[in-house]
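[1] sequence first, then the predicted structure:
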Amino acid sequence: MHNGFRDFLTIKKPMRVLDDFKGVKFRSPPIPVWLAMFKALKAEAVPVPWSEVYTAMQTGLVEGMETPAEGMVNSKVYEVGKYVTKSGHIYNMMALIIREDIYQGFPEATQKAFAACGAAYTEDGNAEYRKRAAEAYETLKSKGLEIFDIEKAPLQEALKPAWEDLKKQVDADKAQKLIQLIADAE
């Protein structure tokens, strides 16, 4: 299920080109692939819990963060941010997951209901999320934030080392297949 692309929000300067990331302190979860991403961008990753992002930006502990546009609106970081860079550097998705043995323990009618609900949510939820993302960008614009795109090719090239780190953490063949699927989708 679609859950949006992540973008950058900064408070001091816009991220218009790759060099703009150098030395900028970004909030990051303490997750290896995120840390590798910021390292590849030559930015400084500062681990900050999500619940403290607003304050971290307000006090200058960090100069930026990244999340989908709807996350920027819901967390009200637009009150302390100025610039949104539509980078789409990470794709968020959600999946309905249930352990096979538990699923098989339900009656067939319940299994079919789960599958039907999942399919309906995927169809309706994906359209709804895209609508809410578009509305979030409009909200950010109405709050006075500057929103712009960044050229994707240099960003993608700079992030290749993060892909290599990902391959080290999971099955390299599966990671390479995933990376190829992403590249083919562009």
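    Received the coordinates, thanks.

[2] going by C-alpha atoms from here, please, whenever you check contacts or count neighbours.
    Noted.

[3] I'd like the distance between the residue in the chain sticking out farthest from the centre and residue 113.
    Relative to the C-alpha centroid of the chain, counting by Cα atoms, centre = their mean, residue 107 is the outermost residue, at 37.0 Å. Distance, residue 107 to residue 113, using Cα to Cα, to the nearest Å: 10 Å.

[4] same question for residue 94.
    19 Å.

[5] again with residue 50
    Here the criterion is Cα to Cα. By it, residue 50 lies 34 Å from residue 113.

[6] residue 103 too?
    Noted for residue 103: a distance of 11 Å to residue 113, by Cα to Cα.

[7] what ranges does this structure have for its helices?
    With DSSP state H, the ranges of helices along the chain come out as 32-40, 53-59, 69-74, 100-105, 108-142, 152-158, 160-169, 172-185.

[8] quick one: which of these is nearest residue 17?
    With Cα to Cα as the criterion, residue 17 lies closest to helix 152-158 of the helices of the chain, at 8.4 Å.

[9] contact partners of the closest one?
    Helix 152-158 has contacts (Cα atoms under 8 Å, 6 or more residues apart in numbering) with 18, 40, 41, 87, 89.

[10] next: stretch 12-26.
    8, 38, 41-46, 61-66, 81-85, 148-151, 154-155.

[11] mind doing that once more with 6 Å?
    Contacting residues not belonging to stretch 12-26 are listed as 42, 43, 44, 45, 46, 62, 63, 64, 65, 83, 150 [Cα atoms under 6 Å, 6 or more residues apart in numbering].

[12] OK, contacts around the third one?
    Contact partners of residue 44, counting by Cα under 6 Å, 6+ apart, are 23, 24, 25.

[13] same thing with the fifth one?
    Contact partners of residue 46, counting by Cα under 6 Å, 6+ apart, are 26, 27, 28.

[14] pairing partners for the first one in the sheet, please.
    Per DSSP bridges, residues listed as beta-bridge partners of residue 26: residue 45, residue 64.

[15] looking at the contacts of residue 44, which one is closest to residue 57?
    Ranked by distance to residue 57 (Cα to Cα), the contacts of residue 44 are led by residue 25 at 9.8 Å.

[16] residue 124 and residue 80, how far apart?
    Applying Cα to Cα, one obtains 33 Å for the distance of residue 124 from residue 80.

[17] and what of residue 27?
    Using Cα to Cα, one gets 14 Å for the distance from residue 27 to residue 80.

[18] pick out whichever of those two has more residues nearby.
    Higher neighbour count among residue 27 and residue 80: residue 27, with 26 against 21, using other Cα atoms under 10 Å.

[19] quick one, what contacts that one?
    Listed by Cα under 6 Å, 6+ apart, the contact partners of residue 27 are 46, 47, 48, 62, 65.
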